[in-house]
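Novice: 3D, please:
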Amino acid sequence: MKQQTTAFLIDSDAASVSQINSTLMNMEGNVRLVGAARNLQEGMQAIQTSSPHIVILEVNDLERGTRETELLLSRCPQSTAFISSAAMSPEWILKLIRAGASEYLTRPVPAAELVDAINKVARQRTAKNLHASNCGTVFSVYHPSGGVGTTTIAVNLAAMLAAQGHSTVLVDLNLYSGDVSAFLDLSPRYTLTDVMPKAGQIDASFLKSVIAPHPSGMHVLEGPTHMEEANQITTELLQEVIGVLRTTFEYTVIDTGGELFGCNLATFKLSDRILFATILTVPCLRTAKRYLTAMADVGFGPDRVKLVVNRYLPRDDIKISDAEKVLRTKAYHMLPNNYADLKTSVNKGVPLALYLPKSSFSKSMDQMARQLCQDSARLRTGTIGVMT
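Specialist: Got it, this is the predicted structure:
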């Protein structure tokens, strides 16, 4: 039995609403219209509540339509946006597609084109569901700015997963200031830049040819070397790369940083868990509060975003209970402050989890890696609804 696709319609024209609704009704029950509104402001709350697979948005003004498309997808990242417009200008089409729309349908919307577009979304959902049980797991480690140890966490998590016998790839997506290769004393021959010419044709065999093996047992895909190359990395490329990696490796660990839009949002949509790193200082907790709230507003709440406290000391001025109260979320894990040993491991290019496996940091990282694996397994088998 086919899974039913849900749709929400934003349209001010009663005749258009009737026509589109008639087309949906003729799709033999495969599509259900869960609601309609005359404008996005009127319909936004209902869209966020119903989480439709598709939102068909009427656009009569290009600038307003662009803003509304971006707003819609930021508030409802799991929905696909279709634009319906009487304008046939290439400028309109290009600008709205760049804003995130998946389809541009001219008004009056031809039934055949709408059906084809909906069936495309349905096929993508079916393919994703069919592969989900066999796909690997993606962990992103994130903090918007540097200095809290996201790369330390990502590198050591990937090393620990590999040490535990899991096939693991570490991806440096801190596009403008990534230093994974420095942490691992690697000089990779290829980087993400070399993947760009193959966009749309990327497969596991090709990716394996550009990924660098590391003595720890993990593999590494380095980010762009130059800033001008980083500007060329698109969300579509990242979606394709991560999609292939998760069918190739048990675990994909992604080191990310920077603002909450573009490539980071695309990465988070494909991440099973986002480990938000922080340390127990007032500035970091203020930043964490702002970003955890913003992430929840765009669909990444506590079920997917897990708080990891780095450089933790039990006698810190700020207690973990105080931080949890301020951030309104429980800490998923605390990694102890082992700065001197970590500094040595970075200078040697060897993850501390391997360099000093009996250190307090390594033991704690081992615990976190095992907990993440257990949670992932239980979630996939349906024995828990939300990771805690």
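
Novice: which helix or strand in the protein has the lowest average pLDDT?
Specialist: Across the helices and strands of the chain, mean pLDDT, DSSP states H and E gives its lowest value to helix 111-132, namely a mean of 74.

Novice: so Y190, which of the three states?
Specialist: On the three-state scheme (DSSP: H, G, I helix; E, B strand; the rest coil), Y190 is labelled coil.

Novice: how much space separates it from E228?
Specialist: Computed as CB to CB, to the nearest Å, the Y190 to E228 distance reads 18 Å. The C-beta positions use only the backbone N, C-alpha and C, and glycine is treated the same way.

Novice: which one's more surrounded, these two?
Specialist: Y190 (14 against 9; other CB atoms under 10 Å).

Novice: from V346, how far out is the more buried one?
Specialist: The gap separating Y190 from V346 is 23 Å, by CB to CB.

Novice: one step back: need the next SSE after the least confident helix or strand of the chain, C-terminal direction.
Specialist: strand 137-143 (DSSP states H and E).

Novice: tell me what the helix or strand following that next one is packed against?
Specialist: Past strand 137-143, further along toward the C-terminus, the next helix or strand under DSSP H and E is helix 150-163. Judged by 3 or more CB pairs under 8 Å, 6 or more residues apart in numbering; DSSP states H and E, helix 150-163 is in contact with strand 137-143, strand 168-172, helix 180-183, strand 251-257, strand 273-278, strand 305-312, helix 352-355, helix 360-381.

Novice: list just the one of those that sits closest to T235.
Specialist: strand 251-257 (13.1 Å; CB to CB).

Novice: list the contacts of the very next helix or strand once past the closest one.
Specialist: Tracing the chain C-terminally past strand 251-257 and defining elements by DSSP H and E, one meets helix 263-269 next. Outside of helix 263-269, the residues within contact range by CB atoms under 8 Å, 6 or more residues apart in numbering are 74, 77-78, 140, 142, 173, 175, 233-235, 238-239, 242, 254, 256, 258, 274, 295, 298, 300, 304.

Novice: re earlier: weakest of the helices and strands packed on helix 150-163 in terms of mean pLDDT?
Specialist: Per-stretch mean pLDDT for the helices and strands packed on helix 150-163 is lowest at helix 352-355 (a mean of 82).

Novice: let's see that helix as PDB, backbone CA atoms only.
Specialist: The C-alpha trace of helix 352-355 is given here as PDB (Å, rounded to 0.1, in the frame of the first residue of the first chain):
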ATOM      1  CA  LEU A 352      43.500  11.300  22.500                       C
ATOM      2  CA  ALA A 353      41.000   8.400  22.500                       C
ATOM      3  CA  LEU A 354      43.800   6.400  20.900                       C
ATOM      4  CA  TYR A 355      46.900   8.100  22.200                       C
END
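
Novice: list the helices and strands it packs on?
Specialist: Using 3+ CB pairs under 8 Å, 6+ apart: helix 352-355 touches helix 150-163, helix 339-348, helix 360-381.

Novice: go ahead and flag the most central residue of this protein.
Specialist: F268 (1.3 Å; CA atoms, centre = their mean).

Novice: how much space between that residue and G136?
Specialist: Taking CB to CB, one finds F268 at 17 Å from G136.

Novice: is it fair to say Y104 lies in a helix?
Specialist: No. Counting by three-state DSSP, Y104 falls outside a helix, being strand.
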